[in-house]
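> Give me a model of this one.
(one chain, ligands or ions: 2)
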Amino acid sequence: MSDPHKNISETVTRLRGMFIRHDRYSILEAEFDRLLYQRRAAQEAGAVSEAPGLALIGGSGSGKSTALRWLFARHKALRPLSSEYEHADVASFMVPSPATLKQVGTSCLHGLGYPLRRSATAGYIWSLVQNSLCQRQVLFLHLDEAQDLHINQNRPERQAVVNTLKSLMQNADWPTGLILSGMPSLKHLLNQDAQLARRISVLHFRPLDPAIDLKSIAGLVKTYADAAQILADSSSLTPEFTRRILHAAASEFGLVVELIIGAIEDAMLRQKQVFGPQNFASAFRRRSACIDDLNPFLRSDYSSIDARLVLTNDSDLGHELMVGGQSK
Ligand SMILES: Nc1ncnc2c1ncn2[C@@H]1O[C@H](COP(=O)(O)OP(=O)(O)OP(=O)(O)O)[C@@H](O)[C@H]1O
Ligand SMILES: [Mg+2]
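Ligands and ions are numbered 1, 2, ... in the order given. Below is the predicted model of the structure:
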(Lines give C-alpha, C1' and ligand atoms only; values in the text may rest on other atoms or scores of the structure.)
(Ligands and ions follow the chains in the order given, each with its own letter.)
Protein backbone atom coordinates (compact mmCIF):
# COMPACT_ATOMS: atom_id res chain seq x y z
CA MET A 1 0.00 0.00 0.00
CA SER A 2 1.31 3.47 -0.82
CA ASP A 3 2.20 5.86 1.97
CA PRO A 4 -0.58 8.54 2.21
CA HIS A 5 1.94 11.20 3.28
CA LYS A 6 4.01 10.51 0.19
CA ASN A 7 0.91 10.87 -2.02
CA ILE A 8 -0.05 14.12 -0.34
CA SER A 9 3.46 15.53 -0.69
CA GLU A 10 3.54 14.58 -4.35
CA THR A 11 0.17 16.23 -4.98
CA VAL A 12 1.22 19.40 -3.14
CA THR A 13 4.49 19.54 -5.07
CA ARG A 14 2.58 19.14 -8.32
CA LEU A 15 0.13 21.91 -7.35
CA ARG A 16 3.00 24.22 -6.39
CA GLY A 17 4.57 23.59 -9.80
CA MET A 18 1.44 24.72 -11.67
CA PHE A 19 1.50 28.10 -13.32
CA ILE A 20 -1.70 30.12 -13.76
CA ARG A 21 -1.65 32.57 -16.65
CA HIS A 22 -3.36 35.68 -15.33
CA ASP A 23 -4.13 38.96 -17.09
CA ARG A 24 -1.14 40.71 -15.59
CA TYR A 25 1.14 37.94 -16.83
CA SER A 26 -0.20 38.33 -20.39
CA ILE A 27 0.71 42.03 -20.30
CA LEU A 28 4.21 41.21 -19.01
CA GLU A 29 4.65 38.57 -21.70
CA ALA A 30 3.57 40.96 -24.46
CA GLU A 31 5.93 43.69 -23.25
CA PHE A 32 8.87 41.30 -22.95
CA ASP A 33 8.21 39.91 -26.44
CA ARG A 34 8.12 43.43 -27.81
CA LEU A 35 11.56 44.15 -26.35
CA LEU A 36 12.98 40.79 -27.42
CA TYR A 37 11.84 40.94 -31.05
CA GLN A 38 12.77 44.61 -31.34
CA ARG A 39 16.28 43.73 -30.18
CA ARG A 40 16.57 40.75 -32.53
CA ALA A 41 15.38 42.82 -35.49
CA ALA A 42 17.82 45.63 -34.66
CA GLN A 43 20.63 43.09 -34.35
CA GLU A 44 19.85 41.59 -37.74
CA ALA A 45 19.85 45.05 -39.26
CA GLY A 46 23.13 45.82 -37.48
CA ALA A 47 21.45 48.78 -35.79
CA VAL A 48 21.62 48.09 -32.07
CA SER A 49 22.40 51.34 -30.27
CA GLU A 50 20.87 50.87 -26.84
CA ALA A 51 18.75 48.26 -25.10
CA PRO A 52 15.66 49.36 -23.23
CA GLY A 53 14.29 47.39 -20.31
CA LEU A 54 11.34 46.88 -18.04
CA ALA A 55 10.56 46.97 -14.35
CA LEU A 56 8.01 44.68 -12.75
CA ILE A 57 6.68 46.14 -9.51
CA GLY A 58 4.38 44.41 -7.02
CA GLY A 59 3.88 43.58 -3.37
CA SER A 60 5.43 40.58 -1.68
CA GLY A 61 3.58 37.45 -2.82
CA SER A 62 2.10 39.06 -5.94
CA GLY A 63 3.98 36.55 -8.09
CA LYS A 64 6.79 38.60 -9.68
CA SER A 65 9.62 36.07 -9.37
CA THR A 66 7.38 33.20 -10.47
CA ALA A 67 6.08 35.12 -13.50
CA LEU A 68 9.55 36.06 -14.70
CA ARG A 69 10.90 32.55 -14.12
CA TRP A 70 8.01 31.17 -16.16
CA LEU A 71 8.43 33.79 -18.86
CA PHE A 72 12.11 32.97 -19.39
CA ALA A 73 11.50 29.22 -19.30
CA ARG A 74 8.56 29.44 -21.73
CA HIS A 75 10.47 30.72 -24.77
CA LYS A 76 11.87 27.76 -26.63
CA ALA A 77 14.29 30.02 -28.48
CA LEU A 78 15.45 31.93 -25.40
CA ARG A 79 18.72 30.46 -24.20
CA PRO A 80 19.07 30.57 -20.41
CA LEU A 81 22.40 30.99 -18.65
CA SER A 82 24.04 27.59 -18.31
CA SER A 83 27.53 26.20 -17.94
CA GLU A 84 26.99 24.08 -21.08
CA TYR A 85 26.66 26.90 -23.60
CA GLU A 86 28.63 30.06 -23.86
CA HIS A 87 25.79 32.18 -25.24
CA ALA A 88 22.83 33.07 -23.04
CA ASP A 89 19.93 35.36 -23.93
CA VAL A 90 18.86 35.95 -20.32
CA ALA A 91 20.87 36.02 -17.10
CA SER A 92 18.76 36.23 -13.96
CA PHE A 93 20.16 37.05 -10.51
CA MET A 94 18.88 37.95 -7.07
CA VAL A 95 20.30 41.21 -5.73
CA PRO A 96 22.54 40.19 -2.82
CA SER A 97 22.52 41.74 0.60
CA PRO A 98 24.04 44.20 1.31
CA ALA A 99 23.21 45.53 -2.14
CA THR A 100 26.30 47.68 -2.63
CA LEU A 101 27.46 48.26 -6.19
CA LYS A 102 30.49 46.10 -5.50
CA GLN A 103 28.50 43.18 -4.04
CA VAL A 104 25.95 43.25 -6.84
CA GLY A 105 28.71 43.35 -9.49
CA THR A 106 30.61 40.52 -7.80
CA SER A 107 27.57 38.25 -7.66
CA CYS A 108 26.62 39.01 -11.30
CA LEU A 109 30.19 38.21 -12.33
CA HIS A 110 30.10 35.00 -10.35
CA GLY A 111 26.75 34.03 -11.90
CA LEU A 112 28.08 34.77 -15.36
CA GLY A 113 30.84 32.24 -14.69
CA TYR A 114 33.73 34.60 -14.05
CA PRO A 115 34.39 34.56 -10.29
CA LEU A 116 36.70 37.29 -9.00
CA ARG A 117 40.03 35.97 -7.81
CA ARG A 118 41.17 39.11 -6.00
CA SER A 119 39.66 42.21 -4.49
CA ALA A 120 38.87 44.97 -6.96
CA THR A 121 37.08 48.31 -7.15
CA ALA A 122 33.38 48.49 -8.06
CA GLY A 123 34.29 50.22 -11.34
CA TYR A 124 36.66 47.44 -12.37
CA ILE A 125 34.18 44.71 -11.35
CA TRP A 126 31.44 46.27 -13.47
CA SER A 127 33.79 46.56 -16.45
CA LEU A 128 34.31 42.79 -16.13
CA VAL A 129 30.52 42.30 -15.89
CA GLN A 130 30.11 44.33 -19.10
CA ASN A 131 32.79 42.21 -20.82
CA SER A 132 31.14 38.96 -19.79
CA LEU A 133 27.69 40.16 -20.88
CA CYS A 134 29.23 40.93 -24.25
CA GLN A 135 31.17 37.67 -24.47
CA ARG A 136 28.12 35.57 -23.56
CA GLN A 137 25.87 37.80 -25.73
CA VAL A 138 23.37 38.32 -22.93
CA LEU A 139 20.35 40.26 -24.25
CA PHE A 140 18.66 40.75 -20.87
CA LEU A 141 20.02 41.00 -17.36
CA HIS A 142 17.31 40.36 -14.76
CA LEU A 143 17.85 41.57 -11.19
CA ASP A 144 15.23 40.34 -8.72
CA GLU A 145 14.62 42.16 -5.40
CA ALA A 146 15.90 45.26 -7.18
CA GLN A 147 14.35 47.60 -4.58
CA ASP A 148 17.37 46.72 -2.42
CA LEU A 149 19.55 48.65 -4.89
CA HIS A 150 17.89 51.77 -3.52
CA ILE A 151 16.94 51.02 0.09
CA ASN A 152 19.59 51.80 2.71
CA GLN A 153 21.92 53.44 0.20
CA ASN A 154 23.27 56.94 0.55
CA ARG A 155 22.76 59.41 -2.27
CA PRO A 156 26.15 59.04 -4.03
CA GLU A 157 25.85 55.22 -3.90
CA ARG A 158 22.32 55.42 -5.39
CA GLN A 159 23.55 57.65 -8.19
CA ALA A 160 26.43 55.24 -8.84
CA VAL A 161 23.91 52.37 -9.14
CA VAL A 162 21.77 54.35 -11.59
CA ASN A 163 24.80 55.33 -13.68
CA THR A 164 26.01 51.74 -13.79
CA LEU A 165 22.61 50.43 -14.88
CA LYS A 166 22.35 53.09 -17.58
CA SER A 167 25.83 52.32 -18.86
CA LEU A 168 24.91 48.63 -19.30
CA MET A 169 21.91 49.61 -21.42
CA GLN A 170 23.88 52.11 -23.47
CA ASN A 171 27.17 50.31 -23.97
CA ALA A 172 28.40 50.91 -27.51
CA ASP A 173 29.78 47.38 -28.03
CA TRP A 174 27.06 45.34 -26.38
CA PRO A 175 24.05 47.05 -24.77
CA THR A 176 22.10 44.80 -22.39
CA GLY A 177 18.39 45.22 -21.65
CA LEU A 178 17.59 45.43 -17.95
CA ILE A 179 14.72 43.69 -16.26
CA LEU A 180 14.25 44.83 -12.69
CA SER A 181 11.68 43.23 -10.41
CA GLY A 182 10.88 44.29 -6.90
CA MET A 183 8.60 45.75 -4.30
CA PRO A 184 6.85 49.12 -4.77
CA SER A 185 9.85 51.04 -3.37
CA LEU A 186 11.69 50.10 -6.60
CA LYS A 187 9.94 53.04 -8.25
CA HIS A 188 12.09 55.42 -6.18
CA LEU A 189 15.17 54.08 -7.96
CA LEU A 190 13.56 54.68 -11.36
CA ASN A 191 12.24 58.10 -10.39
CA GLN A 192 15.70 59.18 -9.33
CA ASP A 193 16.89 59.62 -12.87
CA ALA A 194 14.86 60.77 -15.87
CA GLN A 195 17.20 59.05 -18.35
CA LEU A 196 16.82 55.71 -16.58
CA ALA A 197 13.03 56.13 -16.30
CA ARG A 198 12.76 56.89 -20.02
CA ARG A 199 14.50 53.65 -20.95
CA ILE A 200 12.53 51.38 -18.63
CA SER A 201 8.83 50.65 -19.03
CA VAL A 202 7.05 49.93 -15.76
CA LEU A 203 4.50 47.16 -15.22
CA HIS A 204 2.59 46.59 -11.99
CA PHE A 205 1.32 43.38 -10.47
CA ARG A 206 -1.33 45.32 -8.59
CA PRO A 207 -3.21 43.84 -5.63
CA LEU A 208 -6.39 41.97 -6.52
CA ASP A 209 -9.58 43.99 -6.34
CA PRO A 210 -12.73 42.62 -4.63
CA ALA A 211 -14.85 44.60 -7.11
CA ILE A 212 -13.57 42.59 -10.08
CA ASP A 213 -11.55 39.56 -8.97
CA LEU A 214 -13.89 37.48 -6.76
CA LYS A 215 -15.04 35.32 -9.68
CA SER A 216 -11.49 34.51 -10.72
CA ILE A 217 -10.65 33.50 -7.13
CA ALA A 218 -13.58 31.03 -7.20
CA GLY A 219 -12.20 29.84 -10.56
CA LEU A 220 -8.78 29.34 -8.98
CA VAL A 221 -10.25 27.29 -6.12
CA LYS A 222 -11.94 25.04 -8.70
CA THR A 223 -8.82 24.76 -10.88
CA TYR A 224 -6.68 23.60 -7.95
CA ALA A 225 -9.44 21.29 -6.66
CA ASP A 226 -9.65 19.62 -10.09
CA ALA A 227 -5.88 19.29 -10.29
CA ALA A 228 -5.78 17.66 -6.84
CA GLN A 229 -8.83 15.50 -7.65
CA ILE A 230 -10.67 16.71 -4.58
CA LEU A 231 -14.01 18.53 -4.32
CA ALA A 232 -14.37 22.17 -3.30
CA ASP A 233 -17.23 22.69 -0.86
CA SER A 234 -19.77 25.05 -2.50
CA SER A 235 -19.52 27.38 0.53
CA SER A 236 -15.90 28.14 -0.40
CA LEU A 237 -16.98 29.43 -3.83
CA THR A 238 -19.47 32.09 -2.73
CA PRO A 239 -18.60 35.80 -3.18
CA GLU A 240 -18.66 36.22 0.63
CA PHE A 241 -16.05 33.52 1.12
CA THR A 242 -13.82 34.42 -1.84
CA ARG A 243 -13.74 37.97 -0.45
CA ARG A 244 -12.45 36.46 2.78
CA ILE A 245 -9.75 34.51 0.89
CA LEU A 246 -8.73 37.72 -0.86
CA HIS A 247 -8.47 39.55 2.46
CA ALA A 248 -6.54 36.71 4.14
CA ALA A 249 -4.08 36.76 1.22
CA ALA A 250 -3.47 40.50 1.64
CA SER A 251 -4.97 40.84 -1.89
CA GLU A 252 -1.88 39.26 -3.49
CA PHE A 253 -2.38 36.70 -6.25
CA GLY A 254 0.44 34.36 -5.19
CA LEU A 255 -0.72 34.35 -1.57
CA VAL A 256 -4.24 33.37 -2.73
CA VAL A 257 -2.69 30.40 -4.55
CA GLU A 258 -0.65 29.43 -1.48
CA LEU A 259 -3.76 29.54 0.76
CA ILE A 260 -5.76 27.37 -1.64
CA ILE A 261 -2.97 24.78 -1.83
CA GLY A 262 -2.63 24.92 1.98
CA ALA A 263 -6.38 24.27 2.39
CA ILE A 264 -6.27 21.32 -0.01
CA GLU A 265 -3.25 19.87 1.80
CA ASP A 266 -5.05 20.25 5.14
CA ALA A 267 -8.12 18.39 3.85
CA MET A 268 -5.94 15.61 2.42
CA LEU A 269 -4.08 15.23 5.71
CA ARG A 270 -7.48 14.81 7.40
CA GLN A 271 -8.38 12.25 4.71
CA LYS A 272 -11.33 14.32 3.47
CA GLN A 273 -12.68 14.14 -0.08
CA VAL A 274 -14.01 17.72 0.12
CA PHE A 275 -12.28 20.87 1.30
CA GLY A 276 -13.91 24.04 2.57
CA PRO A 277 -13.77 27.02 4.97
CA GLN A 278 -12.42 25.02 7.95
CA ASN A 279 -9.46 23.87 5.88
CA PHE A 280 -8.71 27.46 4.85
CA ALA A 281 -8.80 28.42 8.54
CA SER A 282 -6.33 25.64 9.38
CA ALA A 283 -4.07 26.55 6.45
CA PHE A 284 -3.95 30.17 7.62
CA ARG A 285 -3.26 29.10 11.19
CA ARG A 286 -0.47 26.76 10.11
CA ARG A 287 1.11 29.39 7.94
CA SER A 288 1.04 32.28 10.40
CA ALA A 289 0.91 30.42 13.73
CA CYS A 290 -1.59 33.10 14.76
CA ILE A 291 -4.26 32.96 17.43
CA ASP A 292 -7.83 32.34 16.21
CA ASP A 293 -8.79 35.92 16.95
CA LEU A 294 -6.39 37.03 14.20
CA ASN A 295 -7.50 34.41 11.70
CA PRO A 296 -9.60 36.04 8.91
CA PHE A 297 -11.34 32.70 8.30
CA LEU A 298 -12.59 32.57 11.89
CA ARG A 299 -13.68 36.14 12.70
CA SER A 300 -16.93 37.64 11.46
CA ASP A 301 -15.43 41.17 11.40
CA TYR A 302 -12.27 39.97 9.62
CA SER A 303 -11.79 43.20 7.64
CA SER A 304 -10.11 44.83 10.66
CA ILE A 305 -7.29 42.25 10.55
CA ASP A 306 -4.15 43.30 8.68
CA ALA A 307 -3.43 39.93 7.05
CA ARG A 308 0.00 40.97 5.77
CA LEU A 309 1.16 41.79 9.28
CA VAL A 310 -0.24 38.54 10.65
CA LEU A 311 1.44 36.55 7.88
CA THR A 312 4.81 38.17 8.33
CA ASN A 313 5.00 38.46 12.12
CA ASP A 314 5.14 35.83 14.78
CA SER A 315 2.07 35.08 16.84
CA ASP A 316 3.49 36.54 20.06
CA LEU A 317 2.45 39.94 18.82
CA GLY A 318 -1.15 38.78 19.32
CA HIS A 319 -3.71 41.52 19.50
CA GLU A 320 -1.26 44.31 18.79
CA LEU A 321 -1.47 43.33 15.14
CA MET A 322 -5.03 44.55 14.82
CA VAL A 323 -5.26 47.64 12.67
CA GLY A 324 -5.60 50.69 14.87
CA GLY A 325 -5.17 48.46 17.91
CA GLN A 326 -8.90 47.60 17.83
CA SER A 327 -8.47 44.18 19.34
CA LYS A 328 -11.23 42.51 21.29
N1 LIG B 1 0.95 32.61 -11.82
C2 LIG B 1 1.09 31.79 -10.78
N3 LIG B 1 0.59 30.53 -10.82
C4 LIG B 1 0.70 29.72 -9.77
N5 LIG B 1 1.33 30.05 -8.60
C6 LIG B 1 1.84 31.29 -8.51
C7 LIG B 1 1.75 32.23 -9.59
N8 LIG B 1 2.34 33.37 -9.21
C9 LIG B 1 2.79 33.17 -7.96
N10 LIG B 1 2.50 31.94 -7.53
C11 LIG B 1 2.84 31.38 -6.22
O12 LIG B 1 2.72 32.42 -5.28
C13 LIG B 1 3.79 32.46 -4.35
C14 LIG B 1 4.45 33.81 -4.33
O15 LIG B 1 5.00 34.09 -5.62
P16 LIG B 1 6.41 34.82 -5.81
O17 LIG B 1 7.44 34.28 -4.90
O18 LIG B 1 6.70 34.80 -7.27
O19 LIG B 1 6.02 36.30 -5.36
P20 LIG B 1 6.93 37.61 -5.36
O21 LIG B 1 6.08 38.72 -5.91
O22 LIG B 1 8.21 37.35 -6.05
O23 LIG B 1 7.14 37.86 -3.81
P24 LIG B 1 8.43 38.49 -3.02
O25 LIG B 1 8.42 39.97 -3.34
O26 LIG B 1 8.14 38.23 -1.59
O27 LIG B 1 9.66 37.82 -3.54
C28 LIG B 1 4.72 31.31 -4.77
O29 LIG B 1 4.44 30.20 -3.93
C30 LIG B 1 4.32 30.97 -6.18
O31 LIG B 1 4.48 29.62 -6.48
MG1 LIG C 1 10.19 37.32 -5.42
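
> which helix of the protein spans the most residues?
helix 23-44 (DSSP state H).

> Could you name the helices and strands sitting against it?
Secondary-structure packing of helix 23-44 (3 or more CB pairs under 8 Å, 6 or more residues apart in numbering; DSSP states H and E): strand 53-58, helix 64-74, strand 177-182, strand 200-205. Every C-beta, even on glycine, is put in place using the N, C-alpha and C of the backbone.

> Arg206 contacts Arg24, correct?
Yes: using CB atoms under 8 Å, Arg206 is in contact with Arg24, at 7.4 Å.

> out of those two, which sits in the busier spot?
A direct count of neighbours by other CB atoms under 10 Å for Arg206 and Arg24 places Arg24 higher, at 20 against 14.

> Name the residues of the longest helix of the chain that come out as buried.
Buried residues in helix 23-44, defined by neighbour count with 16 or more other CB atoms under 10 Å: 24-25, 28-29, 32, 35-36, 39.

> can you list the residues of this protein near ligand 1?
Proximity of the chain to ligand 1 (CB under 6 Å from any ligand atom) is limited to residues 16, 18-20, 22, 58, 60-66, 183, 253-254, 257-258.

> Mark which of these are buried, thanks.
Those of the residues of the chain next to ligand 1 that meet the buried threshold are 20, 22, 58, 61-66, 183, 253-254, 257-258, by 16+ other CB under 10 Å.

> who's in contact with Pro80?
Applying CB atoms under 8 Å, 6 or more residues apart in numbering to Pro80 gives the contacts 72-73, 88-90, 92.

> which SS state does the residue lying closest to Asp292 once chain neighbours are set aside fall under?
Nearest residue to Asp292 in three dimensions, chain neighbours excluded: Leu298, at 4.9 Å (CB to CB, 6 or more residues apart in numbering). Secondary structure state of Leu298, per DSSP: H, G, I helix; E, B strand; the rest coil, is coil.

> Leu298 and Cys290 touch, don't they?
No: here Leu298 lies out of contact with Cys290, judged by CB under 8 Å, at a distance of 9.8 Å.

> Who has more neighbours out of the two?
Neighbour totals were compared for Leu298 and Cys290, and Cys290 leads with 24 against 19 (other CB under 10 Å).

> Make sure that one is indeed in a helix.
No: assessed with three-state DSSP, Cys290 is coil; it does not lie in a helix.

> Which of the contacts of Pro80 ranks first by neighbour count?
Result: Val90 is most packed of these (other CB under 10 Å), 22 neighbours.

> which residues does it bridge with?
Pro80, Phe140 (DSSP bridges).

> Please look at it and Leu143 and confirm they touch.
No: with contact defined as CB under 8 Å, Val90 does not count as touching Leu143 (11.7 Å).

> So what's the residue count around the closest residue to Gly53 other than its chain neighbours?
Closest residue to Gly53 apart from its sequence neighbours, by CB to CB, 6+ apart: Leu178 at 3.5 Å. Counted with other CB under 10 Å, the neighbours of Leu178 add up to 22.

> Model confidence at Leu178, what's the number?
In this prediction, Leu178 carries a pLDDT score of 96.

> What of the one 5 residues further on?
The score at Met183 is 96. That number is its pLDDT.

> same question, Lys187
94.

> gap between the one helix or strand Asn163 maps to and the chain center?
Secondary structure assignment for Asn163, by DSSP states H and E: helix 155-170. Average the C-alpha atoms of helix 155-170, do the same for its chain, and the two points are 23 Å apart (CA atoms, centre = their mean, to the nearest Å).

> do the same with stretch 273-280
27 Å.

> quick one: average pLDDT of that stretch?
Mean per-residue pLDDT for stretch 273-280: 97.

> List the buried residues in it.
Quick answer for stretch 273-280 (16+ other CB under 10 Å): 275-280.

> nearest residue to the residue of the stretch 151-300 of the chain found nearest ligand 1 other than its sequence neighbours?
Nearest residue of the stretch 151-300 of the chain to ligand 1 (CB to the nearest ligand atom) works out as Gly254 at 2.4 Å. Closest residue to Gly254 in three dimensions, ignoring its sequence neighbours and counting by CB to CB, 6+ apart: Gly63, at 4.0 Å.
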